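Peer 1: I'll drop the sequence and a predicted model, then ask my questions.
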Amino acid sequence: MTKTTATVVSVHKGSTEELHKDKQASIEVDLDGVIGDRHRSYQRESWGAGDKQAEGTVRRNERQWSAVSIEELAEIQNTMDLVEPLTAASLGANLCLSGIRQLSRLPKGTTLTFPSGVVLIVEEYNPPCSDMGNKLASIHTTHSGSPVATTAFSQAAKLTRGIVGVVEVAGEIRPGDDVSVDVYKVPDWLHRD
């Protein structure tokens with residue numbers, strides 16, 4: 001694995017069906033996710049689109065937490081020509097990190113380790129969805145004065161929407177925490193000549 005360091009900018013949770021998550025002074029994570037967050041669970045129902053299973057199938061929850069980077073948020077905001085800042089809260093993410101320019105491209109198996117001992121494992125890239133695009137179009141304005149298209153987010157956030165994953169070790173996460181990021185690399189012994 002390749003090691004790098006990031007910093008927690010903000011932490012969020014939301015218990016309602018709203019896409020927004022409220023900013024917190026800290027969050028507690030347990031082995032089934034962020035305590036008090038609507039995505040907390042060992043299982044979830046598949047959505048059909050994007051899942052291998054038929055819609056409504058109960059499956060393992062690989063989305064116990066979500067994270068975005070301040071760098072990718074700025075990139076999306078710039079591409080969408082937004083006046084108001086795009087935030088982790090408005091995108092419904094649990095964590096906003098800085099220091100990883102291509103957070104969304106971290107491979108499955110990458111670990112994020114926090115000072116309290118929390119370890120999060122990356123499961124996959126979090127693709128932009130049309131519901132989020134509709135929400136952002138309704139609350140944002142552009143510098144040009146033209147309305148934000150409902151498809152603008154999906155286009156601007158392609159490969160920069162963030163990541164989701166599972167909890168390996170429980171504990172507390174706070175803004176300002178340094179995060180040790182161990183980027184997963186296929187071990188040499190798995191390579192064949």
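Peer 2: Everything's here; your move. Since the model is a prediction, treat every value here as computed from it, not as a measurement. Residues are numbered from 1 along each chain as shown.
Peer 1: Which secondary structure element of the chain has the lowest mean pLDDT?
Peer 2: Ranking every helix and strand in the chain by mean pLDDT, DSSP states H and E puts strand 58-60 at the bottom, with a mean of 85.
Peer 1: Which neighbouring elements make contact with that strand?
Peer 2: strand 43-45 (3 or more Cβ pairs under 8 Å, 6 or more residues apart in numbering; DSSP states H and E). Using the backbone N, CA and C atoms, a C-beta is placed for each residue, glycine as well.
Peer 1: neighbouring contacts of the strand it packs on?
Peer 2: Glu55, Gly56, Thr57, Val58, Arg59, Arg60, Asn61, Arg63 (Cβ atoms under 8 Å, 6 or more residues apart in numbering).
Peer 1: That strand pairs with which strands, and in what direction?
Peer 2: If you go by DSSP bridges, strand 43-45 pairs up with strand 58-60 (antiparallel).
Peer 1: list the helices and strands the next helix or strand after the partner strand packs on?
Peer 2: Next helix or strand after strand 58-60 toward the C-terminus (DSSP states H and E): strand 65-69. Applying 3+ Cβ pairs under 8 Å, 6+ apart, we find strand 65-69 packed against strand 95-98, strand 163-169.
Peer 1: helices or strands next to the shortest one in the packing?
Peer 2: Same thing as strand 95-98. strand 2-13, strand 65-69, helix 70-80.
Peer 1: Neighbouring strands - and their directions - for it?
Peer 2: Strand pairing (DSSP bridges) places strand 95-98 next to strand 2-13 (antiparallel), strand 65-69 (parallel).
Peer 1: nearest to Val186, of these?
Peer 2: strand 2-13 (11.9 Å; Cβ to Cβ).
Peer 1: tell me the mean pLDDT over the closest one?
Peer 2: Averaged over strand 2-13, pLDDT sits at 95.
Peer 1: Neighbours of the closest residue to Trp65 other than its chain neighbours, how many?
Peer 2: In space, Trp65 comes closest to Asn94 once its chain neighbours are excluded; the distance is 4.7 Å by Cβ to Cβ, 6 or more residues apart in numbering. Neighbourhood size, Asn94 [other Cβ atoms under 10 Å]: 28.
Peer 1: hang on, Asn94 packs against Lys13?
Peer 2: Yes. Between Asn94 and Lys13 there is a contact at 6.4 Å, judged by Cβ atoms under 8 Å.
Peer 1: Point out where this structure drops to low pLDDT.
Peer 2: 1, 48-49, 193 (pLDDT under 70).
Peer 1: which helices and strands does the host helix or strand of Asp131 pack with?
Peer 2: Here Asp131, judged by DSSP H and E, is contained in helix 130-139. Here helix 130-139 touches helix 88-91, helix 152-156, going by 3+ Cβ pairs under 8 Å, 6+ apart.
Peer 1: please redo it, this time with the cut-off set to 7 Å
Peer 2: In terms of contacts (3 or more Cβ pairs under 7 Å, 6 or more residues apart in numbering; DSSP states H and E), helix 130-139 is packed against helix 152-156.
Peer 1: Alright, calling it a day.
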